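Undergrad: A predicted structure for the sequence below; I have some questions about it.
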Amino acid sequence: MKTLFILCGLISSSVFAQSDVINMITSVTNSKASAESTFSSTPYRQKEYQSIKDYFVALNGFAEDLSGSTKLNRRYNSYLRSIGIKKFCTDILLNSTDWEQMKVNCTRNRFFLCSNEVLEYPNSKKALAETLEDDLKTDFLKTAECQ
């Protein structure tokens with residue numbers, strides 16, 4: 001009976017521990033959906049610029065949090081194993097075509113009007129890949145949705 005309580009405690013703490021990663025991913029996913037809804041609203045206005053910035057700031061923050069915490073990184077890798085790299089990339093990352101189009105829409109008369117985080121997008125993806133365990137990193141680099 002005592003073993004059962006310990007086992008239940010370990011399982012519930014593992015699920016609770018993973019919830020912080022899930023919450024972070026959900027936050028970035030929601031920011032992505034908001035940013036994607038603005039892509040066709042050109043020329044961008046303040047609301048669209050803010051929505052775009054929010055996504056890239058959230059993504060950069062997520063990557064920084066992962067690289068700064070070993071515990072969070074382990075939970076992240078465990079969660080990605082459970083949902084799969086393809087789903088993760090589809091949920092959280094923009095495809096390259098959308099990103100390139102957004103950069104074009106952010107440029108007016110040679111001036112880049114969006115936040116600098118937009119230009120850091122390839123570095124953010126690279127930072128996310130760097131936090132993965134070797135087998136997941138290989139999958140990340142091979143998966144079209146992650147490129």
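TA: Structure's in. What do you need?
Undergrad: please report how far Arg45 lies from Leu66.
TA: Using C-beta to C-beta, to the nearest Å, Arg45 is found at 33 Å from Leu66. The C-beta positions use only the backbone N, C-alpha and C, and glycine is treated the same way.
Undergrad: ok, these two, which is more surrounded?
TA: Using other C-beta atoms under 10 Å as the criterion, Arg45 and Leu66 rank with Leu66 on top: 21 against 10.
Undergrad: wait, is that one part of a helix?
TA: Yes - checked against DSSP: H, G, I helix; E, B strand; the rest coil, Leu66 lies within a helix.
Undergrad: read off the pLDDT value for Asp98.
TA: We have a pLDDT of 89 for Asp98.
Undergrad: could I get the buried residue list for the host helix or strand of it?
TA: Asp98 is part of helix 96-105, with elements assigned from DSSP states H and E. Neighbour counts using 16 or more other C-beta atoms under 10 Å place 99, 102, 105 of helix 96-105 among the buried residues.
Undergrad: appreciated, that's everything.
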